[in-house]
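Peer 1: Structure, please.
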Amino acid sequence: MKAVLQRVKFAKVAVNQAPHPQQIVGEIAHGALVYLGLGHDDTLAMGQKMIDKILTYRVFENELGKMDKNVQQVNGGLLLVSQFTLLANTQSGRRPDFKPAMAPDTANALFAEIVAYAKTQYAAVQTGEFGADMQVSSCNDGPINFIFEL
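Peer 2: Got it, this is the predicted structure:
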């Protein structure tokens, strides 16, 4: 399991649903945009551990300008976006190998369970749409980015 956490001033996810115009499915003001990639051996317990870490990771500034507050302490939003490309093997060749990523049906179910857990831990959780053609817009604050692996 891999996650990329970005501290953002805002973020939103829109999806194309032809023949309808683009629809926003998830949106936050300031907070954390998290791309989450699931691998073959990943479990709900690992997802819960990842969410717990993300929710308590101190990437927001305190009164002294030090990164000392987590997303909950600043009343920020959490936007979770499934992204299988994080699991790509890029070690050789000029084309990514996605074999390390979890199969879509299994990943969809696990991602839904992870999101459900996140919502039990923190109310301000939004998501993209699993498997959809998503357009993510955000303003990275800092820029601040962190990569987590379990």
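
Peer 1: all contacts plus neighbour counts: C-alpha atoms, from now on.
Peer 2: Will do.

Peer 1: Give the burial count for the residue nearest to A88 when sequence neighbours are not counted, as a bare number.
Peer 2: Leaving aside its chain neighbours, A88 sits nearest to F98 (4.6 Å; criterion: Cα to Cα, 6 or more residues apart in numbering). When counting by other Cα atoms under 10 Å, one arrives at 16 neighbours for F98.

Peer 1: Need the pLDDT of the residue positioned nearest the centre of the chain.
Peer 2: With distances taken as Cα atoms, centre = their mean, the residue of the chain nearest its centroid is V34 (2.4 Å). With respect to pLDDT, V34 has a value of 98.

Peer 1: neighbouring strands for the helix or strand encompassing it, and are they parallel or not?
Peer 2: For V34, the element it lies in under DSSP states H and E is strand 31-37. When sheet partners are counted by DSSP bridges, strand 31-37 sits next to strand 2-17 (antiparallel), strand 77-82 (parallel).

Peer 1: how about those strands in a markdown table, adding distance to E129 and mean neighbour count?
Peer 2: Listed next are these as a markdown table, based on distance: least, Cα to Cα, whole Å; neighbours: other Cα atoms under 10 Å:
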| stretch | distance to E129 | mean neighbour count |
| --- | --- | --- |
| strand 2-17 | 7 | 21 |
| strand 77-82 | 8 | 26 |
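
Peer 1: would you list the ones you listed in CSV and tack on distance to I51 and mean pLDDT?
Peer 2: Listed next are the strands paired with strand 31-37 as CSV, based on distance: least, Cα to Cα, whole Å; pLDDT from 0 to 100:
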stretch, distance to I51, mean pLDDT
strand 2-17, 10, 95
strand 77-82, 10, 98
